[in-house]
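Visitor: next input, structure requested:
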Amino acid sequence: MGGGLSSDAEVVGGQGDARRQEARGRLSPGADTRIVVSFGVNDTTIDDGVQRVESERSCGALDDILERAGAIGLPALVVGPAAVNDAEQNRRIQSLSVAFGEMRASQGAPFLGVIEPLLASDAWSEQVASGDGAHPGAAGYEAFARLVLAGGWLGWLADQPTPVDGRPPGRR
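Guide: Here you go, the predicted structure:
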């Protein structure tokens, strides 16, 4: 990565106490450890006529994640849910994204809303439509990455960290 920043990344999905314990074990003393949170698309899926996860529950999950991260000094960045190839679901995603943006302000975490710009992106929309309806090809993910970069990714990474254990960050 440019700008003298280095990073290691892992995708950790799931829920519950087992994941929380796993996440705690990944924190390196003195490291500039941060968390990027992005979810919600699947929550807005309709199964048997009912939304898979109520928006209030999704917001509660985000609030819980941010509260727990804040309690241990872990800076968080929230990336809103992305667009899919279904107009009705996109309306639900937009609503959830707005709710995420409003509620995360109380936790002080930066929020990058991506659904509207992705809906306007030909690369994203065309590739999602030609694939499985939710995941684009490389050009679509490039459009997504550009949105995250333009939304303040490097600035968020450059902010002075507050190490989890109070020690200054070491080299990785």
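Visitor: what's near enough to touch the residue most central in space within the chain?
Guide: Centroid-nearest residue in the chain, with CA atoms, centre = their mean: S38, separated by 2.2 Å. Residues near S38 by CB atoms under 8 Å, 6 or more residues apart in numbering: 78-82. The C-beta positions use only the backbone N, C-alpha and C, and glycine is treated the same way.
Visitor: repeat for I93
Guide: So I93 contacts 40-41, 44, 81-84, 115 (CB under 8 Å, 6+ apart).
Visitor: output the host helix or strand of L154 as CSV - backbone C-alpha positions only.
Guide: Counting by DSSP states H and E, the element that carries L154 is helix 153-158. Included here for helix 153-158 are C-alpha records, laid out as CSV according to Å, rounded to 0.1, in the frame of the first residue of the first chain:
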residue,chain,number,x,y,z
TRP,A,153,-9.7,5.1,3.7
LEU,A,154,-6.2,6.4,3.7
GLY,A,155,-7.0,9.3,6.0
TRP,A,156,-8.6,6.8,8.4
LEU,A,157,-5.5,4.6,8.3
ALA,A,158,-3.2,7.5,8.8
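Visitor: let's see the pLDDT reported for G25.
Guide: Note for G25: predicted pLDDT of 72.
Visitor: and it, how many neighbours?
Guide: Number of residues near G25 (other CB atoms under 10 Å) recorded here: 7.
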